[in-house]
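**Q** Got a predicted model here, sequence first, then my questions.
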Amino acid sequence: MPIEFLMLAAATLLALFAFVPASMARARTYGRRWVVSNRETEGLPPLPAWGARAERAHTNLVVNYPAFAAAVLLLAVTGDFDLGTAIASAVFVAARIVHMVAYIGGAFWPRTISWALGLAATIYILVIAVFI
């Protein structure tokens with residue numbers, strides 16, 4: 001199995017479970033009962049800063065994941081897997097993990113750099129799949 005598919009599976013798992021830190025913040029702030037309720041937010045206090053950043057990190061991943069998935073699947077159609085696309089797919093996954101940790105931790109530069117690396121990796125795979 002190509003590395004790109006393994007990285008797509010890893011990115012999918014990350015996207016599926018990236019909600020956990022924000023849910024933990026909600027459970028701590030609003031109580032576990034709220035987490036399993038209809039989640040009315042009116043009159044509730046704001047999440048702590050790290051919890052709000054966890055929500056934004058999750059949203060950012062959910063926004064960026066489809067482009068990566070589409071790029072890898074287009075690459076699969078063309079069959080243009082090579083060392084560069086394997087590295088780019090691994091860079092995407094590693095960058096997204098760093099991005100989530102840095103975002104939740106409030107580390108601006110690591111967050112920004114990892115986001116840019118993930119975007120560059122996706123663009124690289126897409127260019128190889130479509131234009132080369």
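**A** Sure thing, it's come through. On a predicted model such as this, the values are computed, not experimentally measured, just so you know. Numbers count the residues shown, from 1 in each chain.
**Q** Quick check: the gap between the closest residue to Ile132 other than its chain neighbours and Ala69.
**A** Once flanking residues are discounted, Ile132 sits nearest to Asp80: 6.5 Å by Cβ to Cβ, 6 or more residues apart in numbering. All C-beta atoms are positioned from the backbone trio N, CA, C, and that covers glycine. The gap separating Asp80 from Ala69 is 16 Å, by Cβ to Cβ, to the nearest Å.
**Q** Ranking helices and strands of this structure by mean pLDDT, which lands last?
**A** Ranked by mean pLDDT, DSSP states H and E, the helix or strand of the chain with the weakest confidence is helix 32-35, at a mean of 82.
**Q** Can you name the secondary structure element that comes next after it?
**A** helix 49-78 (DSSP states H and E).
**Q** after that next one comes which helix or strand?
**A** Using DSSP H and E, the helix or strand that follows helix 49-78 towards the C-terminus is helix 83-105.
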